[in-house]
Each structure stands twice: as structure tokens, then as C-alpha cells.
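> Pasting the sequence and the predicted coordinates here, then a few questions.
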Amino acid sequence: MSEARPGQRPLDEALAELLGFASALSDVESVSTFDADGRVLAQDLVSGLHVPPQDNSSMDGYAVRCADLTQLPVVLPVTQRIPAGAGAGAAPLAPGSAARIFTGAPIPAGANAVVMQEDCELQDGAVRIKVQPLPGQWIRRAGEDVAIGATVLASGDRLTPAALGLSASIGMAALLVRRRPRVALFSTGDELVMPGDVAPTDMRPGAIYNSNRFFLRALLLRLGCEVTDLGIVPDRLDATIEALRGAASQHDLILTSGGVSVGEEDHIKPAVQVLGTLALWQIAIKPGKPFAYGRVHDTHFIGLPGNPVSSYVTFLLLVRPFLLKLQGVTELETKSVAAQAHFDWPRADRRREFLRVRHNAAGGLELFANQSSAVLTSAVWGDGLVDNPPGQTIAHGDSVRFIPFAEVLQ
Ligand code: AMP
Ligand code: MG
């Protein structure tokens, strides 16, 4: 193991610089709460009521006063019936009586516990209670979920299905969210062929199918972007300049794959430099390495490597937080959790590695046998990445950092 090569930048440093170029899009829009899954809130949600609005029963049973139940069993007359949705109708509970009550129904004034029906027997208009209730038993308190005035969600939160439900629970029918980023996507490479255009048996020598286009488009859509898919751009400087120029005016970001090295067939760098500015970074990660950020007129430009796994991993680690920041998301960190390696990784690399792994039945992580940046099968087989620091070997049983795909694909 040797030191990272000069010129190769640590991921954290590159990410911090990249995020420094992104600021939240200023436009916001109101969308129905039904349609807001995955969108980013552009307002704080402050509750105008308690949730639940009043004390209510969490059981079907009988509302009682605990003071009436010191000697057991007790027989109490049932003086009223309170179903869910009963409003002001419920009368205060007189001492020495019980009220039939159902889940979600308001607790009558004076009652301080609910006895579940399984612990009661009904005897012509009266209820025989065999157990001593504790004060507060089976009562859900007003405001125990949300107190009036509480901020339930904040600007910059990404909405999940549960968050939509919570928003609805405080009466929000529509939500103010950040507009979707508009992203132009193209793939570079003369070897690329579209599935459907040429049958597998008719592929010319040297040709490969364009796989990056499919996962990059899907990843962008999952992140809430509007995608303009510009297809394949040939490995020619003029064509690359034309594609970039065309994409710049209508989009917030131009995202490309391939052509970001500095070979003769790599035209991204000179093309971006003709139209704007470019920083080409060698990032000390594996897979990954070449990554470009720049500007074409006022539009952000990001160039990903061509190798499919490099493209996939750099998207997740760099482009994803960038796009979240454009949408105003405040929590940008890629979360990892501790996990146990059930594999050996005896050869340390000078770069920080992102190994494709998956959980086995014992709860440990197994390694996909081929970690090549060209083997996309690894990303399908795996359920996440081990984030392995530079210079680190791994032995069976070691604790490692694991980034679940479930976390970074949403
Ligand atoms: P490049 O970064 O253009 O030098 O490409 C690196 C490797 O990734 C080459 O083997 C390319 O054929 C391959 N590659 C580039 N773009 C794609 C793509 N869209 N789909 C699949 N493989 C690609
Ligand atoms: Mg290429």
C-alpha cells in the first residue's frame, strides 16, 4: 500500500467543494399532499391543533372512574354509549357509573381509565368489572402525537409516506415544496448501442449496450428530477459542444457519463472548457476516480466516469447529495451503519473503497466475488456498499461501515 497519488482528492473534500457550488433552487410550488411523496418541503409545518385533538380510548371497553373500583369485582350501571366520532354528545360520567366506549371515542369528563371489554361482563344494563384499572389506562392523551404549536416537519425535510400522513393529521391538504430540478442527461461513447436498435446477435465487434443511460435516468427520477434524456453523443468535439450548448439553457444540471478521462477520445473536458469552466477531479475512491464539475453558461455540469459501477457509485456518493441540496434538503450526509464482515479483504488499496456486498442469513456481509468497476452485476447482487477507508484490510468478523442501497436509492 502506498499513499494516494498526488492530485487525487479525498472524497470528503471533493464532496464539500461540490456542495459549495449548489444552492437551493428559489422556485417553490404548492402540491397536493397526495402527490408530495419524495418532494422537499419549502415551509415549516406548525400544527394548529393537538393530535389527537382530545383524550380518547385506545380500546373497546368501558370508561370508568378508578375511585369506583377499589373493591373488586364491581358492578356499575352503563349510563351511555360513546362511539368513535361522538362529539360534544358525551355527557360527564357520573360517579358510580360506566360508559360503553369504543376505540377512538372521546373520554367523557370525569372518567380516568378504560377497562377493556375482555375484562368485563355485561349483566342487563350493568357491567361487572373484575380488574383494577390504573389511572390513565387505555387513554390516548390529547396532543400526545403532536402538541398544538409544534413544528412537525421543517423546510428542507424530504417527504416520506409517513410524513404525508403526519402532514394530513394536522390538516394540510397541500404542501409548499421546492420545484423539481431539471436535468439533461447524455451518454458519450461511439461504442454505445441502444437496446432495441440492434439485436444481441447483430452487435458489431466492439459495440456494447448503453447501460448507464438506464440507471442514471432511473436514479434521477427517484430523486425527484425532471429528466431530458438526450441519448448518445458521439465521441467528437463538435458534437459534444453542440449537445452541451443545447442542454444548457433549459436545465439546472447537465449530467454525462463517459469521456471524462483525458484520452484523445475524451471530449468532455475540452467541450466544457469552450463553453464555460471545468474542474476535473481525480477522486481517491475505488470504483470512481475521474469526476468532472463545471459550468456551461449558468448551468451546472457534472461528468461521471463511463465504467458502469464507477458511474453508479459516484452518482450515489456525489450527485445525489448535490441534487438534494439543489432541492433545499438540509440532511445531506450519506448514512452508514456498523456491520460485520463475513469475508476477507486482504489487500489494502491506497484509495477509499466502496465494495459491493450483501447481507447473509446470519446478518453478516458477504462480498461479491468480482469487484471490477465494469461489472454491474455486483450492484444488482448487492444490497449496499462497504465504505472501506484507504489502506485498510478487512478480516472475517471485523466491524465495517455499511451504506445500504435502500438508503441512497430513495
Ligand atoms: P470512458 O469513461 O468513456 O473512457 O469509458 C470507460 C468504460 O466504460 C469503457 O469501457 C466504456 O465502453 C464504458 N462505458 C462508457 N459509457 C458507457 C455506457 N453508457 N454504458 C455502458 N458502458 C459504458
Ligand atoms: Mg468513452
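Yep, it's here. Ligands and ions are numbered 1, 2, ... in the order given.

> pLDDT at the residue in the chain that ligand 1 sits nearest to, what is it?
The chain approaches ligand 1 most closely through residue 306 (2.3 Å), counting by Cβ to the nearest ligand atom. To be clear about C-beta, it is placed using only N, CA and C from the backbone, and glycine gets the same treatment. The model reports residue 306 with a pLDDT of 96.

> Apart from its neighbours in sequence, what residue is nearest it?
residue 258 (3.2 Å; Cβ to Cβ, 6 or more residues apart in numbering).

> Ramachandran coordinates for the one you found?
phi 80, psi 160 (degrees, to the nearest 10).

> mind listing what it touches?
Contact analysis of residue 258 by Cβ atoms under 8 Å, 6 or more residues apart in numbering lists 187-189, 192, 212, 268, 304-306.

> and it, how far is that from residue 233?
Noted for residue 258: a distance of 9 Å to residue 233, by Cβ to Cβ, to the nearest Å.

> any shared contact partners between these two?
Common contact partners of residue 258 and residue 233 (Cβ under 8 Å, 6+ apart): 187-188.

> name the element residue 313 belongs to?
Using DSSP states H and E, residue 313 maps to helix 308-314.

> Is any residue of that helix near ligand 2?
No. Judged by Cβ under 5 Å from the ion, helix 308-314 makes no contact with ligand 2; its nearest approach is 11.4 Å.

> So which elements touch that helix?
Packed against helix 308-314 by the contact rule (3 or more Cβ pairs under 8 Å, 6 or more residues apart in numbering; DSSP states H and E) you find helix 212-222, strand 299-304, helix 377-381.

> Would the shortest one count as contacting ligand 1?
No. Counting by Cβ under 6 Å from any ligand atom, no contacts exist between helix 377-381 and ligand 1, the nearest distance being 12.6 Å.

> Which secondary structure elements does that helix sit against?
Applying 3+ Cβ pairs under 8 Å, 6+ apart, we find helix 377-381 packed against helix 308-314, strand 352-359.

> Out of those, which one sits most buried?
Comparing the helices and strands packed on helix 377-381 by mean neighbour count (mean count of other Cβ atoms under 10 Å), helix 308-314 ranks first with a mean of 26.

> Show me the strands in the stretch 1-150 of the chain, by range?
Here the stretch 1-150 of the chain has its strands, by DSSP state E, counting those that start in this stretch, at 8-9, 28-32, 45-46, 56-57, 61-64, 74-82, 98-101, 113-116, 120-123, 126-129, 139-140.

> export those strands to CSV and tack on distance to residue 408?
Compiled in CSV, the strands of the stretch 1-150 of the chain are given as follows (distance: least, Cβ to Cβ, whole Å):
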stretch, distance to residue 408
strand 8-9, 21
strand 28-32, 24
strand 45-46, 26
strand 56-57, 40
strand 61-64, 46
strand 74-82, 48
strand 98-101, 47
strand 113-116, 44
strand 120-123, 52
strand 126-129, 54
strand 139-140, 36
